[in-house]
Each structure stands twice: as structure tokens, then as C-alpha cells.
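Enquirer: fold the stuff below for me.
(chains A and B)
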Amino acid sequence: RKEVEQDPGPFNVPEGATVAFNCTYSNSASQSFFWYRQDCRKEPKLLMSVYSSGNEDGRFTAQLNRASQYISLLIRDSKLSDSATYLCATREYGNKLVFGAGTILRVKS
Amino acid sequence: DVKVTQSSRYLVKRTGEKVFLECVQDMDHENMFWYRQDPGLGLRLIYFSYDVKMKEKGDIPEGYSVSREKKERFSLILESASTNQTSMYLCASLVVGQGNTEAFFGQGTRLTVV
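Expert: Modelled structure (predicted):
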């Protein structure tokens, strides 16, 4: 079983739509959780950390459910510029950083 | 700004060659990582290091080794390159702190083994 699993998509959505991604992780001792964004032919960059209480950054909302071992990312009012691959990641004991395979989002006009 | 620099963007090597991929970070981070990224498989962890001369195997260490002689430099070594090691290789360094844990990536090295 993969340590971090995501639906690869692609998710094809119109501009203005709301889209949600989920990610599950297998290590219950994982300490920190993240969403990264990767544009085509570029390196991943941190989009946002995910906290137990949930957190929001503009149109982006991230949530963590430790009991069910999943994290989610909600994007409201999608823009063309949101088209990218979204990677979830966990930091395990000893600072091992594990990524999922990524979810492709395509926002169309 | 944190900078993580990988020595080459593109590399072509022959089967059986010993290959060195270099990564340097300028922020005094203790933790550094090597991943490979393949279509549909995402980022898979090869090795990571939490301090100078310390290393831990990741999920796919076979055929690779690493070296961390100085804090800022983490090298990935392909002992005898094979065609199935053709991939995009990404180096990252990690800062860990309250509310500001973040990994910074290099621009990647696309390695082709022929």
C-alpha cells in the first residue's frame, strides 16, 4: 500500500467551479501535512500547510481528518491559472517527507 | 529567498556509467532529500539526510547511493546507470519549525540513460 494516495484525475472543471481533492495517508504517526502545487515542467512549491483545525488561504481551504487519515483541499471560484498538479505530502517521524502521486487539475474557460 | 540548485538541468549518460547528481542549498537546512518523478508515479523518495554524514533510505534506494560531506551539499550517485533510471530527479531541502515547515525544491535534473 502506498504511504500517500491521491486520485490522479484529471479533474476538468469550468472557470468559477468549486473543486475538491482528497488524499489518504497510511502512517498514523505522520506529524505534518501539506499541499504542494506543481506547474508543468516546474518544481513543486508549497501551496499550504494543513492543520488539524483546518485553514484557509483566499480561495483555498485545507482540512485534516486524523481519525480517518485523510487531508483535503477545496478550491473555490477556480481560475485558469489554477491548472496544475496538486501534490499532498506528509512529514513522518525523523522528517521523512512523503508525497502522493499528484492530482491533475485542468480549469477550462 | 531559499535557493536549491541542482548541477545540471539535462544529462545523458550511457548504461553502466557512474553518475553524480549534485544539489546545493544556501539556507543551512539540516534535512535534504532526493526524489525521482515519473509519470503516474509522482515523487518517490530515494534517500534523505538529516545531518552531515547521516543518511536514510527512502522507498526506492536500490541502485543509488548518496553522500553528504557538507551541510549544504547532498549528492546522489547512480553506481551503474541503467535505462530504468531514466527519470526526472528532484532535490529538496526542508526547514522544520512551528508554523513554517516547508520543503524547497531544485529545478530538477532530467536524466536519460541510453
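Enquirer: quick one, strands of the chain?
Expert: Going with chain A. A:4-6, A:11-14, A:19-25, A:32-38, A:45-50, A:55-57, A:60-65, A:70-75, A:84-91, A:97-99, A:103-108 (DSSP state E).
Enquirer: my question was about chain B, not that one.
Expert: B:4-6, B:10-13, B:19-25, B:31-38, B:42-51, B:54-57, B:64-70, B:73-78, B:87-95, B:102-105, B:109-113.
Enquirer: I'd assumed residue B:54 was in contact with residue A:94.
Expert: No: contact criterion CB atoms under 8 Å: residue A:94 and residue B:54 do not qualify, at 10.3 Å. Where you see a C-beta, it was placed from the backbone N, CA and C, and this is true even at glycine.
Enquirer: need the overlap of contacts for the two.
Expert: Counting by CB atoms under 8 Å, 6 or more residues apart in numbering or on different chains, no residue touches both residue A:94 and residue B:54.
Enquirer: what parts of chain B come near chain A?
Expert: Residues of chain B that fall close to chain A, judged by CB under 8 Å from any CB of the partner chain: B:31, B:33, B:35, B:40-43, B:45, B:48, B:50, B:56, B:58-59, B:90, B:92, B:94, B:96, B:99, B:101-103, B:105-108.
Enquirer: ok, the residue of chain A found nearest chain B - contacts?
Expert: Chain B sits closest to residue A:101 of chain A, with a gap of 3.1 Å, by CB to the nearest CB. Residues near residue A:101 by CB under 8 Å, 6+ apart: A:2, A:5-6, A:8, A:87, B:40-43.
Enquirer: 10 Å instead, please
Expert: Counting by CB atoms under 10 Å, 6 or more residues apart in numbering or on different chains, residue A:101 makes contact with A:2, A:4-8, A:23, A:85, A:87-88, B:37-44.
Enquirer: ok, residue A:72 next?
Expert: So residue A:72 contacts A:20-23, A:35, A:50, A:54, A:61-65, A:88 (CB under 10 Å, 6+ apart).
Enquirer: redo those as CSV? Include distance to chain B.
Expert: Formatted as CSV, the contacts of residue A:72 follow (distance: CB to the nearest CB, whole Å):
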residue, distance to chain B
A:20, 19
A:21, 14
A:22, 15
A:23, 11
A:35, 12
A:50, 11
A:54, 15
A:61, 18
A:62, 14
A:63, 17
A:64, 14
A:65, 20
A:88, 10
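Enquirer: most neighbours out of those, which is it?
Expert: The residue in the contacts of residue A:72 with the most neighbours, by other CB atoms under 10 Å in any protein chain shown, is residue A:88 (30 neighbours).
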